[in-house]
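Engineer: 3D model of this:
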Amino acid sequence: MLVAISDPDDSRIEAYRAVRERDLAGRQHRFVAEGEVVLRVLLRQPRFEIESLLLAEGRVETLSDALALLPSNVPVYTANRQVMDAIVGFPIHRGILAVARRPSLPPVEALLASLPEKALVVGLIGLANHDNVGGIFRNAAAFGADAVLLDQETCDPLYRKAVRVSVGGALVVPFTRAPSADALVQALEAASFEVMALSPSGMQVLSQVRPARRTALLLGAEGPGLPPELLARARTVSIPMAGGFDSLNVATTSGIALHHLTQGR
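Structural biologist: Prediction:
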């Protein structure tokens, strides 16, 4: 359903208006996906219902194979660059946006119960940076993590920038939220996961660690790291660095750790 839009005030594209402001205010159980790679990933994920697309006129032909995967009742709005920029409120260089509905998040216990007997889960505690969360989801998808658990302080992985940085990984890896960091760890323990916490002060070196059949990797925010009470309950692991330098980016850290933990899976 190609629908040409010539007026930035057209009510049919209300969901795309002032995208950055809506990023902050929320979209009532919806999220925005941006860019060709992310759109192609989104189209392959049946748990997300795509409501509409907004494309720059020049992108329609190059996306013809992807658009063929859309249900026939999903409108594809098209506009020239000037109109599209006026709609979204900034120069949208990729020229590709989609609005999709968020699925309901399952309880942590239900998600963990659905995982295979041998599983790897990533737990995020207090991560407020969307670039880091997006980067971690990208690594989780690349190395085949089975799920990501978030505490209440960790930012939204379906925030537009997080999805973009994840290159669609946030759409691939199942995730849910726990009521608190403590509840997150309790659920992991109850589901027979060995809880492994990354910290510069970790008691073991990552290269010497062999993962259990069910392993959970906890990551904390840069700076404060993981709370001491969680470190006390977990197997603490460190990544040695040259000259005592202990400032690896948390997303980079997740890639190193996930690569090690998934060798031989």
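Engineer: In contact with the residue lying closest to Pro240 once chain neighbours are set aside, which residues?
Structural biologist: Nearest non-adjacent residue to Pro240, counting by CB to CB, 6 or more residues apart in numbering: Val205, 6.0 Å away. Backbone N, C-alpha and C define where each C-beta goes, glycine included. Residues in contact with Val205 (CB atoms under 8 Å, 6 or more residues apart in numbering) are 237-240.
Engineer: Kindly reformat these as JSON lines containing secondary structure, pLDDT and neighbour count.
Structural biologist: Formatted as JSON lines, those follow (DSSP: H, G, I helix; E, B strand; the rest coil; pLDDT from 0 to 100; neighbours: other CB atoms under 10 Å):
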{"residue": "Val237", "secondary structure": "strand", "pLDDT": "95", "neighbour count": "22"}
{"residue": "Ser238", "secondary structure": "strand", "pLDDT": "91", "neighbour count": "16"}
{"residue": "Ile239", "secondary structure": "coil", "pLDDT": "91", "neighbour count": "18"}
{"residue": "Pro240", "secondary structure": "coil", "pLDDT": "88", "neighbour count": "12"}
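Engineer: Using CSV, lay out the residues you listed together with distance to Pro106.
Structural biologist: What follows is the contacts of Val205, written out as CSV (distance: CB to CB, whole Å):
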residue, distance to Pro106
Val237, 28
Ser238, 33
Ile239, 32
Pro240, 37
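Engineer: so what's the backbone phi/psi at the residue nearest to Pro240?
Structural biologist: phi -90, psi 130 (degrees, to the nearest 10).
Engineer: Tell me the spacing between it and Arg44.
Structural biologist: Distance, Val205 to Arg44, using CB to CB, to the nearest Å: 38 Å.
Engineer: Also Leu115?
Structural biologist: Relative to Arg44, and taking CB to CB, Leu115 is found at 21 Å.
Engineer: Kindly report the same for Thr215.
Structural biologist: On the measure of CB to CB, Thr215 and Arg44 end up 27 Å apart.
Engineer: Let's verify the nearest residue to Val173 once chain neighbours are set aside: helix, strand, or coil?
Structural biologist: Once flanking residues are discounted, Val173 sits nearest to Ala140: 4.7 Å by CB to CB, 6+ apart. Using DSSP: H, G, I helix; E, B strand; the rest coil, the three-state assignment for Ala140 comes out as helix.
Engineer: mind listing what Ala140 touches?
Structural biologist: Ala140 neighbours (CB under 8 Å, 6+ apart): 122, 148, 169, 173, 254, 258.
Engineer: switch to 10 Å and redo it
Structural biologist: 120-122, 124, 146-148, 157, 166, 169-170, 172-175, 217, 254-255, 258 (CB atoms under 10 Å, 6 or more residues apart in numbering).
Engineer: And for Leu42?
Structural biologist: 31, 33, 48, 50, 53, 66, 98, 100, 163, 168, 171-172.
Engineer: On the three-state scheme, it is what?
Structural biologist: Assignment for Leu42 (three-state DSSP): helix.
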